[in-house]
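Enquirer: Starting from these lines, generate the structure:
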Amino acid sequence: MDEDEYLAMERAADVRHEYVNGEAIAMAGNSPRRNRIVANLVTALMNRLDDGPCGPLPSDQRVHVPGTGLCTYPDVTVLCGPGEYHPKDRLTLTNPSVVFEVLSDSTEAYDRGAKFDHFRRLASFAEYVMVAQRERRVIHYRRLERGHWMLTDCPPGDAVDLPALGIALPLDGIYRRADEFPAE
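Expert: Predicted coordinates for the structure are as follows:
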């Protein structure tokens, strides 16, 4: 399937699909625990970023990586400044600053590896935050000078510092009331 076919299909689809290497892959529904964590992230980001130039977008926001052709729906996308969009689809963002993915058993290896490789090709992309579901743990990458990336593994009770946004998110807030639901 080519990109034009994917975009046309996605406009009419009831189910979201990720587009990777010429293939449309249906995305599974999310668990209540994952949805709670995503809601907590969006809420915390909205509260901390206030009316500044950056703001979160929830998981219905499609992101395109022009250099690889990936089209995907991150759990939370943060856009800083005006959006840039796919030339054939004004709903598909191409310049996220920060991406959050809530890890599940079925997506963790892909999110940590190939998906991160795609995102790193975006000039706007400054930070990647992976949030575990089974434990209170956040894995954070941020871009340094000359394209190097620094990994921070945030333990329970700590906060994840997001220099690109000028804020920190306490893990207790990210996981607020998530334990009410079973992990995937």
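
Enquirer: So which elements touch the lowest-mean-pLDDT helix or strand in the chain?
Expert: The helix or strand of the chain with the lowest confidence, counting by mean pLDDT, DSSP states H and E, is strand 23-26 at a mean of 88. Judged by 3 or more C-beta pairs under 8 Å, 6 or more residues apart in numbering; DSSP states H and E, strand 23-26 is in contact with helix 3-12, strand 17-20. Every residue, glycine included, has its C-beta placed from N, CA and C.

Enquirer: Show me what that strand pairs with in its sheet, parallel or antiparallel.
Expert: strand 17-20 (antiparallel) (DSSP bridges).

Enquirer: Any chance you could give me the strand it pairs with in CSV, C-alpha atoms only?
Expert: Taking Å, rounded to 0.1, in the frame of the first residue of the first chain, the C-alpha atoms of strand 17-20 are listed here in CSV:
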residue,chain,number,x,y,z
HIS,A,17,-3.8,2.1,11.7
GLU,A,18,-0.1,2.7,11.9
TYR,A,19,1.6,2.9,8.6
VAL,A,20,5.1,1.3,8.6
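
Enquirer: which stretches of the chain form helices?
Expert: 3-12, 32-49, 108-112, 114-119, 171-174 (DSSP state H).

Enquirer: what's the burial count for T77?
Expert: Neighbours of T77 under the rule other C-beta atoms under 10 Å: 23.

Enquirer: before we move on, the earlier item: contact partners of the least confident helix or strand of the chain?
Expert: With C-beta atoms under 8 Å, 6 or more residues apart in numbering as the contact definition, strand 23-26 has outside contacts at M1, Y6, M9, E10, V15, R16, H17, E18, Y19.

Enquirer: Sort out which of those residues are buried, if you could.
Expert: Buried members of the contacts of strand 23-26, scored by 16 or more other C-beta atoms under 10 Å, are Y6, E10, R16, H17, E18, Y19.

Enquirer: Where does pLDDT dip in the chain?
Expert: For the chain, no stretch is flagged by pLDDT under 70.

Enquirer: give me every residue that touches R33.
Expert: So R33 contacts Q133, A178, F181, P182, A183, E184 (C-beta under 8 Å, 6+ apart).

Enquirer: ok, it to P87 distance?
Expert: Plainly put, R33 is 37 Å away from P87 if you go by C-beta to C-beta, to the nearest Å.

Enquirer: Sweet, I'm off.
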